[in-house]
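Participant: Structural data only, the sequence is not supplied:
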């Protein structure tokens with residue numbers, strides 16, 4: 001690649017949007033040689049021209065790139081789908097070279113009475129002969145390089161009301177509503193409230209349209225069905241379609257790509273979060289409830305800013321209510337300088353409650369939760385913000401955030417033990 005070509009490409013990349021989408025590399029013959037996805041088109045494509053190159057074929061052959069184009073998408077999952085469709089259609093040389101990569105996944109839809117949607121790795125799919133695939137699966141979508149399976153299934157389940165309860169034959173026989181039915185996310189496969197034909201029409205057909213890249217067509221169809229349902233006074237169905245329409249228009253899905261993807265995506269957010277406050281609750285059942293606040297500045301603990309809270313208003317055992325009290329009391333202390341990020345030891349219920357506290361008090365500082373699980377080995381990031389730059393920062397600095405979470409836990413336990421000694 002000539003020096004002039006490199007400079008032209010770098011200049012062009014500066015005009016790329018800081019939004020998700022796919023980018024396409026062409027050679028001097030205008031042949032598409034590579035297609036990739038990005039959470040930030042500008043940062044991702046720029047990363048190929050700075051820093052040390054990896055052993056990936058396209059990075060070793062970047063000198064062959066003569067021109068670059070992009071297609072912006074509304075969400076990460078649409079970028080993933082579009083990338084997959086381009087790989088399948090055009091078979092770009094350097095995508096095909098990497099086709100045995102372990103991180104390549106597929107989504108398959110089974111031929112069950114109530115079809116299941118299952119993520120499957122490439123090597124698992126390769127173990128099946130063509131006849132087995134046709135017998136078991138109605139649809140096979142992919143490959144999806146670098147796709148994170150669990151978050152993907154979470155997003156698709158919410159967007160399309162996917163059911164997994166038909167796997168529990170005992171529950172189906174007893175017609176007991178599954179957890180998702182109780183939450184209003186399952187359409188009633190477990191209770192026999194929806195037939196196979198209607199499930200395929202309302203759930204599987206829209207999903208297939210979406211995975212084929214037909215989001216615009218799908219939105220038009222949903223809007224039409226919503227209006228028809230309202231006209232026929234099927235208000236529950238109209239409300240479901242209204243919510244589905246809203247969720248599809250504002251998909252929050254940056255976590256669908258494996259963490260390793262973010263590590264290769266150069267950003268300018270390295271130091272813009274300098275102060276983090278971390279919170280945790282500790283108790284002995286319904287008694288001995290305390291809260292902790294720890295502070296990290298530039299990635300290191302500042303113990304002079306730590307604070308302890310005795311829970312005063314919460315009866316019974318509720319970490320969510322305790323966190324509500326602690327953060328409400330903390331926000332009244334304007335003399336304590338606010339952080340760039342609030343971190344709590346907890347999952348979605350805790351994050352949602354604190355978001356309400358912030359809304360009530362007019363605080364607009366991002367909040368992140370880390371769900372720990374019963375054995376404290378789980379580290380699931382719960383995003384309480386949709387700011388793309390903050391989300392990228394979070395996934396580049398997960399280790400620091402886990403340190404803050406663990407320190408808040410340690411400090412809460414220590415305070416609780418001190419209180420027990422005082423009472424003894």
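Facilitator: That came in fine, so what should we check first? None of these values were measured; they are calculated from a predicted model.

Participant: quick check: domain ranges of the chain?
Facilitator: Structurally, the chain divides into domains by automatic domain parsing as follows: 3-97, 105-252, 267-423.

Participant: so where's the stretch 51-200 of the chain uncertain?
Facilitator: Along the stretch 51-200 of the chain, segments meeting pLDDT under 70 span 51-55, 97-103, 166-174.

Participant: Go again with 50.
Facilitator: The model of the stretch 51-200 of the chain has pLDDT under 50 over residues 100, 168-172.

Participant: can you give me the helices for it?
Facilitator: Secondary structure of the stretch 51-200 of the chain, counting by DSSP state H, counting those that start in this stretch: helices at 57-60, 76-90, 93-97, 122-126, 130-136, 149-160, 169-174, 179-182, 196-199.

Participant: I'd like a version of those helices in TSV, one that adds mean neighbour count and distance to residue 211 as further columns.
Facilitator: For the C-beta atoms, the positions are set from N, CA and C on the backbone; glycine is no exception. TSV is the format used below for the helices of the stretch 51-200 of the chain (neighbours: other C-beta atoms under 10 Å; distance: least, C-beta to C-beta, whole Å):
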stretch	mean neighbour count	distance to residue 211
helix 57-60	16	25
helix 76-90	21	6
helix 93-97	18	19
helix 122-126	14	16
helix 130-136	11	17
helix 149-160	18	9
helix 169-174	12	26
helix 179-182	15	21
helix 196-199	14	17
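
Participant: Adding distance to residue 107, write these out as a markdown table.
Facilitator: Listed next are the helices of the stretch 51-200 of the chain as a markdown table, based on distance: least, C-beta to C-beta, whole Å:
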| stretch | distance to residue 107 |
| --- | --- |
| helix 57-60 | 24 |
| helix 76-90 | 9 |
| helix 93-97 | 18 |
| helix 122-126 | 11 |
| helix 130-136 | 13 |
| helix 149-160 | 8 |
| helix 169-174 | 24 |
| helix 179-182 | 19 |
| helix 196-199 | 18 |
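
Participant: Mind jotting down where the strands sit in the stretch 251-400 of the chain?
Facilitator: Assigned by DSSP state E, counting those that start in this stretch, the stretch 251-400 of the chain shows strands spanning 275-284, 287-297, 300-301, 307-310, 341-345, 367-371, 380-383.

Participant: for the stretch 1-150 of the chain, that is, sorry about that
Facilitator: Using DSSP E, counting those that start in this stretch, the strands assigned to the stretch 1-150 of the chain run over residues 21-26, 32-38, 67-72, 105-110, 117-121, 137-144.

Participant: rewinding a little: compare the helices of the stretch 51-200 of the chain and give me the one nearest residue 37.
Facilitator: Counting by C-beta to C-beta, residue 37 lies closest to helix 76-90 out of the helices of the stretch 51-200 of the chain; the figure is 4.3 Å.

Participant: ok, residue 49 touching residue 6?
Facilitator: Yes: with contacts counted by C-beta atoms under 8 Å, residue 49 reaches residue 6, the gap being 6.9 Å.

Participant: remind me, longest helix of this structure?
Facilitator: helix 398-423 (DSSP state H).

Participant: Need the nearest residue in space to residue 409, chain neighbours excluded.
Facilitator: Spatially, and ignoring its direct neighbours in sequence, residue 409 is nearest to residue 280 (4.8 Å; C-beta to C-beta, 6 or more residues apart in numbering).

Participant: is the one you found in a bridge, and if so with what?
Facilitator: Beta-bridge partners recorded for residue 280 (DSSP bridges): residue 292.

Participant: Could you pull up the residues touching it?
Facilitator: Neighbouring residues of residue 280 by C-beta atoms under 8 Å, 6 or more residues apart in numbering: 291-292, 344-345, 405, 408-409, 411-412.

Participant: Any chance of these in a markdown table with distance to residue 15 as columns?
Facilitator: As requested, these are arranged in a markdown table below (distance: C-beta to C-beta, whole Å):
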| residue | distance to residue 15 |
| --- | --- |
| 291 | 48 |
| 292 | 47 |
| 344 | 39 |
| 345 | 42 |
| 405 | 39 |
| 408 | 43 |
| 409 | 46 |
| 411 | 48 |
| 412 | 49 |
